[in-house]
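Participant: Everything below, folded, please.
(chains A and B)
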Amino acid sequence: MSDLEKFRSETRAWLQANCPPEMRRPMTSDGDTFWGGRNTSFSSEPQRVWFERMRDKGWTVPDWPREYGGGGLDAGEAKVLREEMAAIGARSPLSSFGIWMLGPALLKYGTDAQKKEHLPKIAAGLIRWCQGYSEPNAGSDLASLQTRAESDGDDYIINGQKIWTSYANYADWIFCLVRTDAAAKKHDGISFILFDMASKGVSTRPILLISGYSPFCETFFDNVRVPKSHVVGTVNRGWDVAKYLLQHERAMISGMGERGVGRPLGQVAADSVGSDGQGRLEDPMLRGQIATFEIDEAALSAAAERAVDLAKAGQAHPAFSSAMKYYGTELNKRRHEIVMSAGGIDALEWESERSKGGARPRAWLRTKANSIEGGTSEVMLGIVAKRILDLPGA
Amino acid sequence: MALVLNQEQSMLRDSARGLISDKAPVSHLRQLRDARDASGFSRDLWKTFAEMGFSGLLVPEAFGGSGLGCVEAGIVMEEIGRTLMPSPYLATAVLAASALSRGGSDAQKSQYLPKIADGSLLAALAVDEGAKHRPLMTKLQAVRSGNGFRLSGDKAFVVDGHAADLLIVAARSAGAAGERDGLTLFLVDPSAKGIAIERTAMVDAHNAARIVFDDAEVNADGVLGEVDQGFGLLEGVLNIGRAAVAAEMVGLSEEVFGRTVGYLKERRQFGRLIGEFQALQHRAAQLYIEIEITRAAVLKALQTLDGDFNRAGAAVAVAKARAGSTATLAAQEGVQMHGGMGMTDQFDIGFFMKRARVCQELFGDSNFHADQLARMKGY
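Facilitator: The predicted structure follows:
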């Protein structure tokens, strides 16, 4: 038996023994996701048990080094773990922008002190992070951001406004892009800096979205004092860190459709439109849409697997995450259009108990942000055209 | 298993690409078409394929082949797709080799497989009867007669049927059209009495035939696999063929895409390269993404056939459906972005569109496979 096969059988046995049955069921509500942080609580006992067992194993961040609270797995082992978790439908024990976005950037650009300070707290779910990127006048043109950090001895004084800051009202710390050189060209005067959301001068205001939820905030900085040692990477070279992090963010968003998947679409549709004597959906056009969707979903899943394997083999194009982000988000929007169509008028209820408070239409509306957040579909296509296809022009 | 080619597979790809791009660029197909060549492919080149071991890739080592898998066969098909090379490879080295090695008796294997590997025997699989691929609907009658059977009925879209030395025929020996039970596969000598073969020149200048069986005799030795229980064998062989054609379409899509992006970088209108226009950039980027995703799905299907054959149906349906729509899109975008030039016969791009259309229909189009997937998933 190869080492990897041995690892697989050990992992399978460990998951069998340690993943509570409740944590193997599809997530049905936002409360099923555990985000960690200073003010967090578990929504159930199995959620706590599962999180703590995975944390103790280092498997909230399986491929991070052990010294930072990770599992120290290589790419092959991490893939095996993902496969074995998927095989039993195990939920992710911890959801975190620290894991998906900041961690990889810190591992690449952080100082030893920064890694030691922040990574173990991310791995253990002690600190919840938010992302300060977009501003009212810096959306797709992110590098035109205006939030400024002015030097004052060993500190910066930060003033400005961020927008679309996901869960800023729940976050403990923020990783933030600020302008440290107002005279430089727009990409050259940006720094990547970390600070505590409890700092004096930080305030947040949730934004009510079309879904009726407020996952995003406006975040304001009024003379916030931050030590210069909190800059990640080189001062004024924050755009490099920002772009590297965006690749991870895009990979995360492209995988959104795969997470928390509930019942198969065919069954969802059968419940509302019914089936004929041969078990086929009574609505043949809907049936075709679902099958075509599932074909594209399976193909995307193969492409995601291949992207990891290519990266492992050193053959990945760094801009490929933009391709995956584009496709994954457009596909997820399609999924929810199908769910709405399959549900018909039942999927239109917004408040009733029966509709779980309008879970379906709210989730449908939420997905419309997928192809905007983390870089719009149009920006992704532009990146693919220029960086991968090498097409000419601006 | 990693969804990338290993070192041996990359070497196979390089050697196939070297040979095919050198000996059979698109101009090779054009010459055969313009000359109305009697076989429609180059027999010399088929000999070279055998010498390089390609024709025996799927033939077990005991019968003179190299006993490799579907991934390797897919690699050769992808290179064939890049230049649209007309070749007996699919019908003989993929379909017939698979059917014989999976379903043949020892005697049948010994008789045919070494000749497939050494390039001296061409074979064809006769399944389709109507306008669309519906293997379960097979009606061609096999009636017991003495020691064997008599076949009556029509087959169409038999790839390489005009040149084959051996036909593998799906026939109904019991039951009614639509039933799984009652199908039998037969090994038939195409020169036997009662068989009329009409070569059908197709839109893509590749080869196929219509075959009429009129009380054609087959003796019991000609049964491949079990009488009345041939559908499982046929379905397995078809799945290999579907994944192989999907691989051909990946090669085709990539080639037509590469040519199109190249054109965007050299054609000037309105005083600039047309590749500077965002309308075209975004379409090119979308097509690139479709192709990359399809490539992964096809490799997944080929690997699943090699690793878990009996559970590969869903992956194959996904691959063939995706490859069909991707190749269709690539060819359409290719012609459109080449403008008026894309409409000329002189320009190669139209050949890709024609071949994509034929590959769509081969062994089930995208709609067929979407329906298959829905059935497998129970809705």
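Participant: Every contact and neighbour count from this point should use C-alpha atoms.
Facilitator: Fine.
Participant: hang on, A:Phe310 packs against A:Pro318?
Facilitator: No Phe there; residue A:310 is Leu. No: using CA atoms under 8 Å as the test, A:Leu310 is too far from A:Pro318 to be in contact (10.8 Å).
Participant: Have a look at the two and say which one is more surrounded.
Facilitator: Neighbours were counted for A:Leu310 and for A:Pro318 using other CA atoms under 10 Å in any protein chain shown; A:Leu310 has more, 17 against 12.
Participant: In three-state terms, label the residue nearest to that one when sequence neighbours are not counted for me.
Facilitator: Residue nearest to A:Leu310 in three dimensions, not counting chain neighbours: A:Ala316, with 5.0 Å by CA to CA, 6 or more residues apart in numbering or on different chains. Following DSSP: H, G, I helix; E, B strand; the rest coil, we place A:Ala316 in the coil state.
Participant: For A:Ala316, grab the count of nearby residues.
Facilitator: Neighbours of A:Ala316 using other CA under 10 Å come to 15.
Participant: got it, and A:Gly344?
Facilitator: A:Gly344 - counted by other CA under 10 Å - has 13 other residues nearby.
Participant: Just the pLDDT at it, thanks.
Facilitator: On pLDDT, A:Gly344 comes in at 94.
Participant: Distance-wise, check it relative to chain B.
Facilitator: 18 Å (CA to the nearest CA, to the nearest Å).
Participant: Who are the contact partners of the residue lying closest to that residue once chain neighbours are set aside?
Facilitator: Closest residue to A:Gly344 apart from its sequence neighbours, by CA to CA, 6+ apart: A:Ser272 at 7.8 Å. By CA atoms under 8 Å, 6 or more residues apart in numbering or on different chains, the contact list for A:Ser272 reads A:Ala342, A:Gly343, A:Gly344.
Participant: what's A:Leu389 in contact with, if anything?
Facilitator: B:Val261, B:Ala285.
Participant: Kindly recompute the last result at 10 Å.
Facilitator: Going by CA atoms under 10 Å, 6 or more residues apart in numbering or on different chains, A:Leu389 touches A:Gly382, A:Ile383, B:Gly258, B:Val261, B:Gly262, B:Gln281, B:Ala284, B:Ala285, B:Tyr288.
Participant: Check B:Gly175 too.
Facilitator: B:Lys139, B:Asp181, B:Gly182, B:Leu183, B:Asp228 are the contacts of B:Gly175 under CA under 10 Å, 6+ apart.
Participant: circling back to that earlier point, which pLDDT value goes with the residue nearest to A:Leu310?
Facilitator: 91.
Participant: next one: A:Thr28
Facilitator: 76.
Participant: Then the one 3 residues further on?
Facilitator: The confidence metric pLDDT takes the value 80 at A:Gly31.
Participant: Equivalent analysis for A:Ala394, please.
Facilitator: 58.
Participant: next one: A:Gly374
Facilitator: At A:Gly374, pLDDT is 89.
Participant: That one contacts A:Thr165, doesn't it?
Facilitator: No: counting by CA atoms under 10 Å, A:Thr165 is not a contact partner of A:Gly374; they are 11.2 Å apart.
Participant: what about A:Ile372, how many residues close to it?
Facilitator: A:Ile372, neighbours per other CA under 10 Å, totals 17.
Participant: shaky segments in the stretch 151-300 of chain A?
Facilitator: Under the criterion pLDDT under 70, the flagged ranges of the stretch 151-300 of chain A are A:255-262.
Participant: still on that earlier bit, closest one of the contacts of B:Gly175 to chain A?
Facilitator: Here the nearest of the contacts of B:Gly175 to chain A, counting by CA to the nearest CA, is B:Asp181; it sits at 18.1 Å.
Participant: related to what we said a few turns ago, the residue nearest to A:Gly344 and A:Thr292, how far apart?
Facilitator: 19 Å (CA to CA, to the nearest Å).
Participant: can you check A:Leu126 too?
Facilitator: Relative to A:Thr292, and taking CA to CA, A:Leu126 is found at 42 Å.
Participant: for residue 362, what are its contacts?
Facilitator: I'll assume chain A. A:Arg362 neighbours (CA under 10 Å, 6+ apart): A:Leu209, A:Ile210, A:Ser211, A:Gly212, A:Tyr213, A:Ala347, A:Leu348, A:Glu349, A:Trp350.
Participant: hmm, I had chain B in mind actually
Facilitator: B:128, B:132-133, B:157-159, B:238, B:241-242, B:245-246, B:320, B:324, B:356.
Participant: For A:Ser43, which residues are in contact?
Facilitator: Per CA under 10 Å, 6+ apart, neighbours of A:Ser43: A:Gly31, A:Asp32, A:Thr33, A:Phe34.
Participant: Next, count neighbours for A:Met1.
Facilitator: 6.
Participant: Equivalent analysis for A:Lys79, please.
Facilitator: Neighbours around A:Lys79, by other CA under 10 Å: 19.
Participant: Which of the helices or strands spans it?
Facilitator: helix A:75-88 (DSSP states H and E).
Participant: got the buried residues for that helix?
Facilitator: A:Glu77, A:Ala78, A:Lys79, A:Val80, A:Leu81, A:Glu84, A:Met85, A:Ile88 (16 or more other CA atoms under 10 Å in any protein chain shown).
Participant: top helix in chain A by residue count?
Facilitator: Longest helix of chain A, by residue count under DSSP state H: helix A:284-312.
Participant: who's sitting farthest from the centroid in the chain?
Facilitator: Assuming you mean chain A. What lies farthest from the middle of chain A is A:Gly277; by CA atoms, centre = their mean that is 42.3 Å.
Participant: meant chain B, my bad for not saying
Facilitator: Farthest out in chain B is B:Gly271, which, by CA atoms, centre = their mean, sits 43.9 Å from the centre.
Participant: what's the pLDDT at residue 303?
Facilitator: Going with chain A. So, for A:Ala303, pLDDT stands at 96.
Participant: wrong one, chain B
Facilitator: 98.
Participant: So what's the residue count around it?
Facilitator: Neighbours of B:Gln303 (other CA under 10 Å): 22.
Participant: Give me the buried stretch members for the helix or strand containing it, please.
Facilitator: Under DSSP H and E, the secondary-structure element containing B:Gln303 is helix B:278-307. For helix B:278-307, a neighbour-count test (16+ other CA under 10 Å) marks B:278, B:280-282, B:284-306 as buried.
Participant: Which other helices and strands does that helix contact?
Facilitator: helix A:284-312, helix A:320-343, helix A:377-383, helix B:70-83, helix B:231-264, helix B:313-337 (3 or more CA pairs under 10 Å, 6 or more residues apart in numbering or on different chains; DSSP states H and E).
Participant: got the angle for the longest one vs helix B:313-337?
Facilitator: Angle, helix B:231-264 to helix B:313-337, by axes from the mean of the first three to the mean of the last three CA atoms, to 10 degrees: 30 degrees.
Participant: elements contacting helix B:231-264?
Facilitator: Where contact means 3+ CA pairs under 10 Å, 6+ apart, helix B:231-264 is packed against helix B:70-83, helix B:97-103, strand B:123-126, strand B:166-172, strand B:183-188, helix B:278-307, helix B:313-337, helix B:349-361.
Participant: now that helix: mean pLDDT?
Facilitator: 98.
Participant: Please name the nearest non-neighbouring residue to the closest residue to chain B within the stretch 101-250 of chain A.
Facilitator: Nearest residue of the stretch 101-250 of chain A to chain B, counting by CA to the nearest CA: A:Arg250, 14.7 Å away. Spatial nearest neighbour of A:Arg250, chain neighbours left out: A:Lys325 (5.2 Å); criterion: CA to CA, 6+ apart.
Participant: Next one: the closest residue to B:Val159 other than its chain neighbours relative to B:Ala163, how far apart?
Facilitator: Spatial nearest neighbour of B:Val159, excluding adjacent residues (CA to CA, 6+ apart): B:Ala208 at 4.2 Å. Here B:Ala208 is placed at a distance of 9 Å from B:Ala163 (CA to CA).
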